[in-house]
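Trainee: Got a sequence here, can you build the structure:
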Amino acid sequence: MKRYWKASLVMLVALALLLAACGQKAASPTASQSQQQAATTEAPTAAPQQVQPAKQIVFYNWSDYIDPQVYELFEKETGIKVVEDNFSSNEELLAKLQGGAKGYALIVPSDYTVKIMIDQHMLAPLDKDKIPNLKNIAPKFRDVYYDPGNQYCVPYQWGTTGIGYLSDQVQKPDSWSIFFDPDPNAPWYGRMTMLDDAREAFAAALTYLGYDINTTDEKQLEEAKQALIRAKKALSGYDSDTYEDLLASGENLIAHGWNGDFLQAQEDNENIAYTIPKEGGVIWVDNVCIPATATPEQKLAAEMFLNFILRPDIGAMISEYNYYATPNQAAEAKLDADFLHDPAVYPPQEVMDKLQFIKPVGDAEGLFQRMWDEVKAAP
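Mentor: Numbers count the residues shown, from 1 in each chain. Coordinates of the predicted model:
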């Protein structure tokens, strides 16, 4: 019996050791072991957060330049509300943004102002992947001097600057001399306006004098300044906002202005007509751009709006409303033939050959502005 007990004891001890060893293998790791394992295990990477478009954006635009229904359709389709604010000249737009104004998601500078703003790093580059309808822009508007390849802006509308008049009271003005060599006995003397815009006003005077509208020659600019002072005596004022309305009401008989504004005003007065003088005039392209100060959310919403207005149906709707020519080639297919063949909207080639673009003149911009201030201060 004693031998059996010893053997049993040995077996029990061995069994106990075996169970203890098994228990150690099955036990949970200590806290230090868990921390060590966690340190050597790579944490999963969080998915990048997607930028969501802003629910409301502010569009800094020329007055009466877009069909309000465009905003309504865009909001209905995307849920994004567009609020419009207005300016009267490129100089006003530029000065406001240079002064630090923020909050705008979209702006509408003309060609030469775009170049200035690009050079001053005031515009955000477009994410073209978000604007596939850029393909609708006509080839001649894709490689413009002020924004090659449309890197920063979408061409919006293009047009000309000339003379609007009441055809039932004024014989067609064929020369800028109606402003710069005014007849004190003419019925329109004192019933004319010129644009309240330094570069446009000087462009008219320089064209009349036979000079390049982008000259920086101080002698030529002085001649233009004196011509503008002569013209001032025959004006009722300078106006970039309501000149077409004053013409439609008959308060004024002649106005210096933009073609589409006069064509819009024909709805109120069918006697309004538009012409480009024999000496020539200005051709321009307005563009929709995103300021560099826009937030990522504003920029995304702005690019969605740009893609929306580049749709053929929306592009045609805009031109039908404001009577300006569209750079959107796909939209032209939806415009009436009468519109496309109206020489006041699409000038014939012999007129186009006499038109000039206003271009940046560097430091001479200050010279233009100083002389314009002198014109407006003259008695």
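Trainee: and the closest residue to residue 141 other than its chain neighbours, how many neighbours does it have?
Mentor: With Cβ to Cβ, 6 or more residues apart in numbering as the criterion, residue 141 has its nearest non-adjacent residue at 4.0 Å, and that residue is residue 327. All C-beta atoms are positioned from the backbone trio N, CA, C, and that covers glycine. Residue 327 has 26 neighbours, counted by other Cβ atoms under 10 Å.
Trainee: ditto for residue 111
Mentor: 23.
Trainee: and what of the one 10 residues further on?
Mentor: Using other Cβ under 10 Å, residue 121 is surrounded by 8 other residues.
Trainee: Now do the phi/psi pair for the residue nearest to residue 141.
Mentor: Backbone torsions for residue 327, taken as degrees, to the nearest 10, come to phi -80, psi 0.
Trainee: For it, give me its contacts.
Mentor: By Cβ atoms under 8 Å, 6 or more residues apart in numbering, the residues touching residue 327 are 137-138, 141, 155-158, 285.
Trainee: Please save the CA atoms from the helix or strand residue 256 falls within in CSV.
Mentor: Per DSSP states H and E: residue 256 is located in strand 254-258. Output of strand 254-258 as CSV, limited to C-alpha atoms (Å, rounded to 0.1, in the frame of the first residue of the first chain):
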residue,chain,number,x,y,z
ILE,A,254,-27.6,109.6,-76.5
ALA,A,255,-25.4,107.4,-74.2
HIS,A,256,-22.0,105.8,-74.2
GLY,A,257,-22.4,102.2,-73.1
TRP,A,258,-22.5,98.5,-73.5
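Trainee: Run the chain-centre distance for it.
Mentor: Centroid separation for strand 254-258 versus its chain: 23 Å, with Cα atoms, centre = their mean, to the nearest Å.
Trainee: Which strands or helices does the helix or strand that that strand is followed by pack on?
Mentor: Using DSSP H and E, the helix or strand that directly follows strand 254-258 along the chain is helix 259-265. Applying 3 or more Cβ pairs under 8 Å, 6 or more residues apart in numbering; DSSP states H and E, one finds that helix 259-265 contacts strand 153-166, helix 243-248, strand 272-275.
Trainee: follow-up on the earlier one: select only the buried ones of the contacts of residue 327 in ChimeraX?
Mentor: Per 16 or more other Cβ atoms under 10 Å, the buried members of these correspond to this ChimeraX selection:
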select :137,141,155,156,157,158,285
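Trainee: Could you export the contacts of residue 327 as a markdown table, including pLDDT and distance to residue 269?
Mentor: Below are those laid out as a markdown table (pLDDT from 0 to 100; distance: Cβ to Cβ, whole Å):
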| residue | pLDDT | distance to residue 269 |
| --- | --- | --- |
| 137 | 98 | 34 |
| 138 | 97 | 32 |
| 141 | 96 | 32 |
| 155 | 98 | 30 |
| 156 | 98 | 27 |
| 157 | 98 | 23 |
| 158 | 98 | 25 |
| 285 | 98 | 28 |
